[in-house]
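# here is a sequence with its predicted model. Questions after.
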Amino acid sequence: MKIVGVGAGPGMLTGEAISAIENAKIIFGSKRAIELAKNHIRCTAYEISDYSLESIPENAVVLSTGDPMLSGLGKFAKEGDQIIPGISSMQLACAKLGICIDTLAIITAHSGDSDYVKKRLVDELRQGKNVFILPGTDFGVNEITGLLKSESISCNISVCERLGYPGERIFTGTVEKLHHNESGMYCVLISSPE
């Protein structure tokens, strides 16, 4: 099986990803992932229903939005599977905000373990790291700002919505003054004040 990153938005497929998609015999992916790759799909593409990938045929190409190894389907790869990276929302946010990736701690709140996410966020910021967060349904912008206020942590917070898509929006504020997300497709980058 090949797990292929299709990028965070339109036009972000790498040459290697395009080749894997064009040569695929069967493709699985989310509706969004299939839409991002549709111009290169030459076979039948199925909307994925088994995100554990256990029922996906071994000869399949599986499309993962962004990069498969950033809270993507790469975590389900088995020995012998090939993972083809993609351009992630983290890479886009860092490029657009001028923040070096090597200064980041990366946190995903998709797991639903908000206590772990809160502790890690506070610890990383107190150690002087910038933090990239993929928010979850129970831990988004309101929870982030509330936590940072309660911990008296002063920082810049950038809400990056629909990166790479028409209507992309990036708003940078502080814990006290921040524009909240309007889209469910967003990430947050927290950095030290200038």
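Nice, I can see it.
# ranges for the helices of the chain?
In the chain, the helices defined using DSSP state H lie at 15-22, 31-37, 89-97, 114-126, 141-150.
# could those go into TSV alongside mean neighbour count, distance to Asn59 and mean pLDDT?
For every residue, glycine as well, the C-beta is placed using N, CA and C. Output for the helices of the chain, formatted as TSV (neighbours: other Cβ atoms under 10 Å; distance: least, Cβ to Cβ, whole Å; pLDDT from 0 to 100):
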stretch	mean neighbour count	distance to Asn59	mean pLDDT
helix 15-22	17	12	98
helix 31-37	19	17	97
helix 89-97	19	29	97
helix 114-126	16	37	93
helix 141-150	17	41	92
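# in CSV: the ones you listed, plus distance to Leu134.
Converted to CSV, the helices of the chain look like this (distance: least, Cβ to Cβ, whole Å):
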stretch, distance to Leu134
helix 15-22, 21
helix 31-37, 15
helix 89-97, 7
helix 114-126, 10
helix 141-150, 12
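# check contacts around Leu148.
Leu125, Cys155, Ile157, Val175, Ile190 (Cβ atoms under 8 Å, 6 or more residues apart in numbering).
# now the residue nearest in space to the middle of the chain: how far from His40?
By Cα atoms, centre = their mean, the mean C-alpha position of the chain lies nearest to Ser89, the distance being 4.9 Å. When distance is defined by Cβ to Cβ, to the nearest Å, Ser89 is 21 Å away from His40.
# what's the answer for Ser114, then?
The gap separating Ser114 from His40 is 38 Å, by Cβ to Cβ.
# before we move on, back to that, could you flag which of the contacts of Leu148 are buried?
Among those, those buried by neighbour count (16 or more other Cβ atoms under 10 Å) are Leu125, Ile157, Val175, Ile190.
# pLDDT score for the third one?
Val175 is assigned 87 on the pLDDT scale.
# thinking again about what came up before, the buried ones among the contacts of Leu148 in strands, which ones?
With strands identified by DSSP state E, the entries of the buried ones among the contacts of Leu148 that belong to them are Ile157, Ile190.
# and Ile21, what does it touch?
Under the contact definition (Cβ under 8 Å, 6+ apart), the residues listed for Ile21 are Val4, Val6, Leu13, Ile27, Ala37, His40, Ile41, Arg42, Val61, Leu63.
# repeat that with 10 Å
Taking Cβ atoms under 10 Å, 6 or more residues apart in numbering as the definition of contact, the neighbours of Ile21 are 2, 4, 6, 13, 27, 29, 36-43, 45, 61, 63, 84.
# next one: Ala105
Ala105 is in contact with Arg120, Leu121, Asp123, Glu124, Leu125, Gln127, Lys129, Asn130, Val131, Phe132, Ile133, Ile190, counting by Cβ under 10 Å, 6+ apart.
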